[in-house]
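Colleague: heads up, no residue letters with this:
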């Protein structure tokens, strides 16, 4: 992208941030992420911003329209996602006014799932420990899904 395209993208991101509540939630979440990645899945963005799947799809399509990234519909088991043209954390920071320009996308992780995991150990019975690794930022909704999965295990 050239300077003119970057300036247009900055303007568009700031306009989206100011005018669209769901876009603002996504941009704020991106600006606060500990790590940036080349792509963001619709499911992950929805969980992290407490937004509906369809709302995130709409936001990602808006991001594509302004040149922030390439919206990719999931096929054959792959999730629907956006592949960023710039560092998404810096795009969020630019949108909220904390930064003036984007950072490079070259040094980003390839997956959102490269998150920090924490190991949890549970003493189920004497001499029987069960362990699981969960994201450090596990949401309440994800915890409920995990509880439902455990409850559904056949006995």
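Modeller: Structure's in. What do you need? Fair warning: this is a prediction, and the values are worked out from it, not measured in the lab.
Colleague: does residue 131 belong to a helix, a strand or coil?
Modeller: Of the three states, residue 131 takes strand under DSSP: H, G, I helix; E, B strand; the rest coil.
Colleague: ok, what's across the strand from it?
Modeller: Partner residues in beta bridges with residue 131: residue 121, with DSSP bridges as the criterion.
Colleague: which ones are touching it?
Modeller: Counting by Cβ atoms under 8 Å, 6 or more residues apart in numbering, residue 131 touches 119-122. All C-beta spots, glycine's among them, are computed from the backbone N, C-alpha and C.
Colleague: who wins on neighbours among the residues you listed?
Modeller: For the contacts of residue 131, neighbours were counted by other Cβ atoms under 10 Å; the highest total belongs to residue 120, with 11 neighbours.
Colleague: per-residue pLDDT, the residue nearest the centre of the chain?
Modeller: In the chain, the residue lying closest to the centroid (Cα atoms, centre = their mean) is residue 45, at 3.9 Å. Looking at residue 45, its pLDDT is 95.
Colleague: same deal with residue 51?
Modeller: Taken from the predicted model, the pLDDT recorded for residue 51 is 96.
Colleague: in three-state terms, label it for me.
Modeller: Using three-state DSSP, the three-state assignment for residue 51 comes out as coil.
Colleague: same deal with residue 70?
Modeller: At residue 70, secondary structure determined by three-state DSSP is strand.
Colleague: what about it, neighbour count?
Modeller: Here the number of neighbours of residue 70 (other Cβ under 10 Å) works out to 14.
Colleague: can you tell me the closest non-neighbouring residue to it?
Modeller: Beyond its immediate neighbours in the sequence, the residue positioned closest to residue 70 (Cβ to Cβ, 6 or more residues apart in numbering) is residue 83, lying 4.7 Å away.
Colleague: no more questions from me, cheers.
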